[in-house]
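Trainee: The following comprises the amino acid sequence and a computationally predicted model.
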Protein chains: 2
Amino acid sequence: MLILITYDVSTTSAEGKKRLQKVSKKCLDYGQRVQNSVFECILDSTQLRQIKYQLENIINKETDSLRFYNLGDKYKSKVEHIGARESYDSEGTLFL
Amino acid sequence: MLILITYDVSTTSAEGKKRLQKVSKKCLDYGQRVQNSVFECILDSTQLRQIKYQLENIINKETDSLRFYNLGDKYKSKVEHIGARESYDSEGTLFL
């Protein structure tokens, strides 16, 4: 299934900047960056549990947030992109 | 249906900062900010066409991007939030 992960990490402190780096690095282990704080990951339910657990342990729940959107298996018609394609896809091939 | 709108707007210039403000203001006309660059909007197909058209006319397609994700009508079980709830929902009630 396609899981969309979006996050806001408070970067007003040095710790926040480190958390932001860790969150994006962890997301890259599982999927594809499509915008600055938006990742698309093809995951099974075990991988989804893993990444949730790992990200929860990185963020500061008082100041940062994560959102997970489940687009299911038939996701291709559900996603539309307009405008610039960033070079975020250097780690893999875009599946759209 | 629930439409998730995410965007990256290049803010290296004053024009970019203005576009960013315009994009977020326009998204607020249609929905709810849930993270810094992530909006959730309950739209019919006419409204979806409208907001796409309006946002396309704001962004610079060379440097900015928009993504639209259609979560359908049965979206409540497809969305999960972890961590801080920002005060982004001041314009309306959160539907989750």
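Mentor: In hand now; what should we look at?
Trainee: drop to CA atoms for contacts and neighbour counts, all remaining ones
Mentor: Will do.
Trainee: tally of neighbours for A:Gly83?
Mentor: 18 (other C-alpha atoms under 10 Å in any protein chain shown).
Trainee: hang on, I meant A:Arg85
Mentor: Every residue meeting other C-alpha under 10 Å relative to A:Arg85 is counted, giving 16.
Trainee: Spatially nearest residue to it (excluding sequence neighbours)?
Mentor: When the adjacent residues along the chain are set aside, A:Arg85 lies closest to B:Ser65, with 7.1 Å between them (C-alpha to C-alpha, 6 or more residues apart in numbering or on different chains).
Trainee: go on, A:Arg67?
Mentor: Take A:Arg67 and drop its neighbours on the chain: the residue closest to it by C-alpha to C-alpha, 6+ apart is B:His81, 4.5 Å away.
Trainee: mind listing what the one you found touches?
Mentor: B:His81 sits next to A:65-68 when contact means C-alpha atoms under 8 Å, 6 or more residues apart in numbering or on different chains.
Trainee: A:Ile82 now?
Mentor: B:56, B:61, B:65-67.
Trainee: which residues of chain A fall in helices?
Mentor: Secondary structure of chain A (DSSP state H): helices at A:14-30, A:45-56.
Trainee: And for A:Asp64, the neighbour number?
Mentor: With other C-alpha under 10 Å as criterion, A:Asp64 counts 23.
Trainee: and the nearest residue to it once chain neighbours are set aside, how many neighbours?
Mentor: Using C-alpha to C-alpha, 6+ apart and skipping the chain neighbours, the partner closest in space to A:Asp64 is A:Val9 (4.4 Å). Burial of A:Val9, expressed as a neighbour count using other C-alpha under 10 Å, amounts to 24.
Trainee: looking at it, A:Val9 is touching A:Arg67, isn't it?
Mentor: No: using C-alpha atoms under 8 Å, A:Val9 makes no contact with A:Arg67, being 11.6 Å away.
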